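[1] Whatever this is, show me its structure:
(2 chains)
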2 protein chains.
Amino acid sequence: MASKPPTIVTLNWLGDLRFSAATARTTITIDSAGVAGPSPVETLAIAVAGCMSMDLAHIFTKGRHAVRSLSARFVGERADTEPRRFLSITLHFVVDGDAPDSVIDRAILLSREKYCSVWHSMREDIALVVTWEREATP
Amino acid sequence: MASKPPTIVTLNWLGDLRFSAATARTTITIDSAGVAGPSPVETLAIAVAGCMSMDLAHIFTKGRHAVRSLSARFVGERADTEPRRFLSITLHFVVDGDAPDSVIDRAILLSREKYCSVWHSMREDIALVVTWEREATP
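    Residues are numbered from 1 along each chain as shown, chains lettered A, B, ... in the order given. Have a look, this model is predicted:
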């Protein structure tokens, strides 16, 4: 069985602590100060939250559950001493759509237990709490 | 001792498998297809490569070693089966500057052993090979 192609990104220093980061088809700027672009740790947070959010969106769409909006808030606590790694993460989703509670619960479970490539590449002792609520009707 | 503030990012679904990702001061788009922005796995790759690249740039600058250019190439191999996590990573730096070999070797060692918050948040069984070369003089 042939392996999938590897993930390749290239970075180029722009001065100060800013780098241009190119993937196969896009380029973003990253910035240690978090101004010209996300910092590396913020970029990691986006990767984790993005991976699980896309799993949810994919599962809802595949199940033909109309979803009008889906948002996620990632809050990550880091160690106080170097290397200041993530110790714990909370991820909270707000869903506006027709997916029943059981589908939302199961989508979250499937992402964290089975599908999310980013989460499964993270240290196994990072605590992860995932919660969700329905968007309040205006 | 007061803890540092947590890392917070918020994501909003843009349709298809695209999300807008906002940090404290910036916003990027992420895209499962890697077209409108990096995919979550590419975003993780940028975080790892960016963290170590910024450590190097910081160490060179702090040591007053003039660095004319610094680039990094990340190649990550993933498992063939779900969750398709990273199994191994190679990171190759190309340096054009006055830092002696020993400073470059030590900067890489310090980043991976001590400073890189992103790398230290990753699974401990991911193989990481870091290499470097000097930019060829034209």
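
[2] Which elements pack onto the longest helix along chain A?
    Criterion DSSP state H: the longest helix present in chain A is helix A:40-62. Where contact means 3 or more C-beta pairs under 8 Å, 6 or more residues apart in numbering or on different chains; DSSP states H and E, helix A:40-62 is packed against strand A:67-78, strand A:86-97, helix A:101-110, strand B:7-15, strand B:18-22, strand B:27-31, helix B:40-62. All C-beta spots, glycine's among them, are computed from the backbone N, C-alpha and C.

[3] Minimum distance to A:S3: which of these has it?
    Across these, A:S3 has its closest neighbour in helix B:40-62 (14.6 Å, C-beta to C-beta).

[4] tell me which residues in stretch A:117-129 are buried?
    A:S117, A:V118, A:W119, A:H120, A:S121, A:M122, A:I126 (16 or more other C-beta atoms under 10 Å in any protein chain shown).

[5] so A:A72 makes contact with B:T10?
    Yes: under the criterion of C-beta atoms under 8 Å, A:A72 makes contact with B:T10 at 6.9 Å.

[6] neighbour count winner among the two?
    A:A72 (24 against 20; other C-beta atoms under 10 Å in any protein chain shown).

[7] Tell me what the closest residue in space to the more buried one that isn't next to it in sequence is bridged to.
    Nearest in space to A:A72, with sequence neighbours left out and distances taken as C-beta to C-beta, 6 or more residues apart in numbering or on different chains, is B:L11 at 4.3 Å. Beta-bridge pairing for B:L11 (DSSP bridges): A:A72, B:A21.

[8] for B:L11, what are its contacts?
    A:46, A:49-50, A:53, A:71-74, B:19-22, B:30 (C-beta atoms under 8 Å, 6 or more residues apart in numbering or on different chains).

[9] Widest-spaced pair of these?
    Those two in the contacts of B:L11 that are separated most widely, counting by C-beta to C-beta, are A:R73 and B:I30, at 15.3 Å.

[10] neighbour-wise, which of those two wins?
    Taking other C-beta under 10 Å, A:R73 and B:I30 do not tie; B:I30 has more neighbours (28 against 16).

[11] Tell me the bridge partners for that one.
    Going by DSSP bridges, B:I30 forms beta bridges with B:F19.

[12] Touching, it and A:I46? I think so.
    Yes: between B:I30 and A:I46 there is a contact under C-beta under 8 Å: 6.3 Å.

[13] Quick check: neighbours shared by the two?
    Residues touching both B:I30 and A:I46 by C-beta under 8 Å, 6+ apart: B:L11, B:A21, B:P40, B:T43.

[14] List the residues that contact the closest residue to A:T23 other than its chain neighbours.
    With C-beta to C-beta, 6+ apart as the criterion, A:T23 has its nearest non-adjacent residue at 4.3 Å, and that residue is B:E42. Taking C-beta under 8 Å, 6+ apart as the criterion, B:E42 is in contact with A:T7, A:V9, A:T23, A:A24, A:T26, B:G34.

[15] Mind telling me the two of those residues farthest from one another?
    Largest separation among the contacts of B:E42 by C-beta to C-beta: A:T7 and A:T26, giving 13.2 Å.

[16] Now do the SS call for A:A24.
    coil (DSSP: H, G, I helix; E, B strand; the rest coil).
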